[in-house]
Structures are given as structure tokens and as C-alpha cells.
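Undergrad: A predicted structure for the sequence below; I have some questions about it.
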Amino acid sequence: MATFVQRVRAGEATRGTFLNLGSALVAEVCALSSFDWLLVDLEHDVGDEDALVGQILAGAARGVPVVVRVETAERIRVGHALDLGALGVMFPRLDDPAQVAAAVQHLWYPPQGDRGVAGYNRARQFGDDVRTSLEVNESPLAIVQIESALALDGVEAIAALDGVDVLFVGPSDLSASLGIPGQLESPLFQAALARVASAAAATGKAAGILTGDPAMTAWYHDHGFAFVAVASDSALLRLAATNAAQPPSETRAPT
């Protein structure tokens, strides 16, 4: 059976959600909800390092892979997320191919990269992992966000870099950078989406995007975006709570 990383690299359509509440229990609820993956958002969430560990463990308990959006592309931060057991890293706001090339180096042990070598952490089964460094280097998923006009200008070169697995559009930031904040139906934004999807397809990489509307998932899949995030834990909770609080449209007998 193919691993999660192999499925993504093969272009299989997957759906996940962002975790920004910092709660292991909420992460477990999401893991039980048929998502293919979960993403702990260190850039915008409210959790600390213990919360990160708890959410990774919650995903593992239910067999759902967890990736982490780091708040910085520094080597120590990237390596620490991987050592805790994250199956991949999302890099926000990298604006050119040189920045991306430097960041993905942090995913790999030497000589391929510059990740610190340690065999006694959770990711290495606390010393019981028999894989070689080269074998470990094959496993981390690298998700690079395309969320600025500069990144869009270099998207073909970014897609061509070794180690990049997913080009992930941040719609709010990218539309704002293009001068059309929130105008996701704008021809300019739609052209940007097509360019990202084309760059990914041309290099055998996956394209990804965040949508707040679950009904849009199929549309994005049909337009070349296989790695789709559906909202976040907080947004999904807010939507469910809002719907539950609405007055009933009709009176029904208890069942």
C-alpha cells in the first residue's frame, strides 16, 4: 500500500484541514472525520510546543498524517518539527527559487541537506529506527506556498527544484499581493491559479490550495489542484455552531 507521501507525489487527490486551535482533542476529532491529512499551523495558531506534540500524536493515534506549517524557514525550526514526527513541512512566504532551495535543504540529513542528525527522537522511534539517513531523506514532504506576486513570477523555477513536492496557493495572501484582495473570481487570480497548476503539472509536482468552501473541493481537483485544504478546525467549528444555533425552519416531533 502506498504511503501518504507516495500518494501525494503520485498526484492522487487528497483533502485535509488546517489546525489552529492548538488542541489535541480537536485534532483527533478532525482525524476521525475522514480527512486524508491534517496541518498544524504554527504561523497563525494559538498553540505552543506541547500542543504541537499533542496534535501530532492525535493524528498518529488515528492513522492520519500530520504536516506542519512552520512560522519560519530556519533550519532549527524545520528540523525540530520533523524530529517531533511531522511527516512534512509547509513553508510560507518564500518569494524566490533561491529561498526555496535553501529551505528544502533543512528537510534532509547530510550530505543531501543540513538537517541536524539525531536518532533518539520521536520521529526515529527513540533510537529504534533502523533506516539509514538516505532512507529517511526520502520521506519528508515539502510544501511550498505560492502567496506573493514574486513567488508567482518564479513559480516555474520553484516547481522545477528537487525536493519540492507541492505548490500550495494561499488565496488571501496571493490575491492581496496581486492587488485584488479577496477577489478570487477575478480573471487575474484565476490566471494565477492556472499558472501554478500548469507549473506543477509540467514538473510532476502537486498543486494545492486552501478553500473555505467544502463544495469547491471538486472544482479545484478538476482544475489541477490535488492537495486541497478545506478550511480549518476553528472555521469548521464556527460553521457547525452557527448552523446549530439557527432557529428551526419547522416543528418536528422528537425521534
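TA: Thanks, I have it. Numbers count the residues shown, from 1 in each chain.

Undergrad: switch to C-alpha atoms for all contacts and neighbour counts from now on
TA: Noted.

Undergrad: and stretch 100-112, which residues are buried?
TA: By neighbour count on 16 or more other CA atoms under 10 Å, the buried set for stretch 100-112 is 100-101, 103-109.

Undergrad: Hmm, I typed the wrong one, I wanted stretch 3-12.
TA: The neighbour-count check on stretch 3-12 (16+ other CA under 10 Å) flags 4-5, 8-9, 11 as buried.

Undergrad: same check, this time on stretch 189-204
TA: So for stretch 189-204, counting by 16+ other CA under 10 Å, buried means 189, 192-193, 195-201, 203-204.

Undergrad: Likewise for stretch 168-180?
TA: 168-176, 178, 180.

Undergrad: And for stretch 31-46?
TA: Across stretch 31-46, burial judged by 16+ other CA under 10 Å covers 31, 35-42, 45.

Undergrad: Then stretch 210-220?
TA: Buried residues in stretch 210-220 (16+ other CA under 10 Å): 210-211, 217, 220.

Undergrad: Quick one: the strands in the stretch 1-150 of the chain, in order.
TA: 14-19, 37-41, 66-69, 88-91, 141-146 (DSSP state E, counting those that start in this stretch).

Undergrad: on that earlier part again, helices - which of the buried residues of stretch 168-180 land there?
TA: Mapping the buried residues of stretch 168-180 onto helices (DSSP state H) picks out 171-176.

Undergrad: Mind putting the residues you listed into JSON lines with pLDDT?
TA: Below are those laid out as JSON lines (pLDDT from 0 to 100):
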{"residue": "Pro171", "pLDDT": "97"}
{"residue": "Ser172", "pLDDT": "97"}
{"residue": "Asp173", "pLDDT": "97"}
{"residue": "Leu174", "pLDDT": "98"}
{"residue": "Ser175", "pLDDT": "98"}
{"residue": "Ala176", "pLDDT": "98"}
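
Undergrad: Serialize these to TSV and add fields for distance to Ala159.
TA: Formatted as TSV, these follow (distance: CA to CA, whole Å):
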residue	distance to Ala159
Pro171	18
Ser172	21
Asp173	19
Leu174	17
Ser175	20
Ala176	22
